[in-house]
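Asker: fold the following, please.
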Amino acid sequence: MSSHLIDLFKPFIPKLVNSLHKGQAGRIAVLGGSKEYTGAPYFSAITAMRMGSDICHIFATTEGGTATALKTMDPDLIVHPIEKNDPSDIIPWLLSLHCIVIGPGLGRTVGAWNCAKEVMKAARNINLPMVLDGDILRLLCVNKGLDIIQGYDKVILTPNVVEYNQLSNAIKEITGDSSASLLTPQQISTQLGNVTIVQKGQTDHITDGNQTVSCDEPGMPRRCGGQGDFLAGAVAAMYTWANLYYKYNLNESPKDQAYPLELLSSYAACTFLRRCSSAAFSKHKRSTITKDILKQIPNQFELLFPDEDSQ
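Answerer: Numbers count the residues shown, from 1 in each chain. As a prediction, the model looks like this:
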């Protein structure tokens, strides 16, 4: 199945032709970062850009110098300093985006949560695709946060083990399930109205409640932080490409696909991360860090998605 799913995704990748203008290969944003965590939003945004997205924004708080620190990391990224977690500094930008990643390094303060909540509501109101990762998944599990995404088919959740457990417990509390067992990804997706879940683990399980695919591509045993942020950025880039493909090819419909775009994009991103991680580990072994994984993007992208037109 793995090669088949990758083959189904390949047509979505924008061709590198001189007639393209800036933005046609994706305008991505990341809402995240806090005084404790600046690396997470950087890794998500730079992954999307290194994969070939044209424009990548980061919306980050000014608290603790977070936005200033992010501005020094890479001039290719557009960093917006957000004063006092004010969502009105972010919402006007949403109309210019193709996808927004919310959560990497966001922190768990009331201000960060309230800001993210208003941005999620605004994004849903304009049908903007979202990838939710990291701290936002924990915050969704309190104060009826799950209501914000209930039934929204353009949202992809990428929980790690801890975040997945919290999602399961939150939904069991809502449904009155007192059992000790974890809900399956399919059960969580169904209860949330068929949103897409990427349950990260030794094997990644991806489901919209109706269909499920699994990625067991070899990754690496080194569990350095930042791999989840890489994945969130990769999912955003690939999901954007899938949506743009049908925007520019009006004679085709995503309904013709055997799998939803969310599943295909997430599967391709999971496979790509694992390929990059494996290649980085083969070179750096125990000392592998996320910056090493980022360096593998060019070669591994060409290996996984060879440009047949240039051969």
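Asker: ranges for the helices of this structure?
Answerer: Counting by DSSP state H, residue ranges of the helices within the chain are 2-9, 39-51, 66-71, 110-125, 135-140, 161-175, 185-191, 227-248, 261-284, 290-294, 297-304.
Asker: most tightly packed of those helices?
Answerer: Across those, averaging neighbours per residue (mean count of other Cβ atoms under 10 Å) puts helix 39-51 on top, at a mean of 27. For every residue, glycine as well, the C-beta is placed using N, CA and C.
Asker: that one packs against which elements?
Answerer: When contacts are defined as 3 or more Cβ pairs under 8 Å, 6 or more residues apart in numbering; DSSP states H and E, helix 39-51 packs onto strand 27-31, strand 55-61, strand 99-102, helix 227-248, helix 290-294, helix 297-304.
Asker: spatially central residue for the chain, please.
Answerer: A232 (2.6 Å; Cα atoms, centre = their mean).
Asker: so that one touches T158, yeah?
Answerer: Yes. Judged on Cβ atoms under 8 Å, A232 makes contact with T158 at a distance of 5.7 Å.
Asker: pLDDT below threshold where in the stretch 201-311 of the chain?
Answerer: Filtered on pLDDT under 70, the stretch 201-311 of the chain yields the residue ranges 308-311.
Asker: separation between D7 and E83?
Answerer: The gap separating D7 from E83 is 47 Å, by Cβ to Cβ, to the nearest Å.
Asker: my bad, should have said V17
Answerer: Distance from V17 to E83, by Cβ to Cβ: 41 Å.
Asker: check what pLDDT G145 gets.
Answerer: In this model, G145 is scored at 89, pLDDT.
Asker: I'd say it and K117 touch.
Answerer: Yes. Using Cβ under 8 Å, G145 is in contact with K117, at 7.0 Å.
Asker: give me the pLDDT for G23.
Answerer: As predicted, G23 sits at a pLDDT of 80.
Asker: neighbours of it, how many?
Answerer: Around G23 there are 14 other residues, counting by other Cβ atoms under 10 Å.
Asker: residues contacting it?
Answerer: G23 is in contact with D54, I55, counting by Cβ atoms under 8 Å, 6 or more residues apart in numbering.
Asker: which positions in stretch 18-32 come out as buried?
Answerer: Buried residues in stretch 18-32, counting neighbours by 16 or more other Cβ atoms under 10 Å, are found at A25, G26, R27, I28, A29, V30, L31, G32.
Asker: dihedrals phi and psi, the last one?
Answerer: If I follow you right, that is G32. phi 180, psi -170 (degrees, to the nearest 10).
Asker: and if you look at the second one?
Answerer: The main-chain torsion angles of G26 are listed as degrees, to the nearest 10 and equal phi 120, psi 130.
Asker: quick check: it vs L192, distance?
Answerer: 26 Å.
Asker: swap in the fifth one?
Answerer: Per Cβ to Cβ, A29 is found 23 Å from L192.
Asker: cool, the fourth one as well?
Answerer: In this structure, I28 lies at 24 Å from L192, with Cβ to Cβ as the measure.
Asker: was I right to think A45 contacts A60?
Answerer: No. Counting by Cβ under 8 Å, A45 stays clear of A60, with 10.0 Å between them.
Asker: now do the same contact list for the closest residue to R286 other than its chain neighbours.
Answerer: Closest residue to R286 apart from its sequence neighbours, by Cβ to Cβ, 6 or more residues apart in numbering: R222 at 6.5 Å. Applying Cβ under 8 Å, 6+ apart to R222 gives the contacts S277, F281, K285, R286, T288.
Asker: change it to 10 Å
Answerer: The neighbours of R222, taking Cβ atoms under 10 Å, 6 or more residues apart in numbering as the test, are S277, A280, F281, H284, K285, R286, S287, T288, I289, D292, I293.
Asker: quick one: residues contacting the last one.
Answerer: Contacts of I293 were listed using Cβ under 10 Å, 6+ apart, and they are 43, 47, 219-220, 222, 224, 226-227, 230, 273, 275-281, 284, 300.
Asker: distance of the closest residue to G151 other than its chain neighbours relative to L261?
Answerer: Leaving aside its sequence neighbours, G151 sits nearest to G193 (Cβ to Cβ, 6+ apart; 3.2 Å). Counting by Cβ to Cβ, the gap from G193 to L261 is 17 Å.
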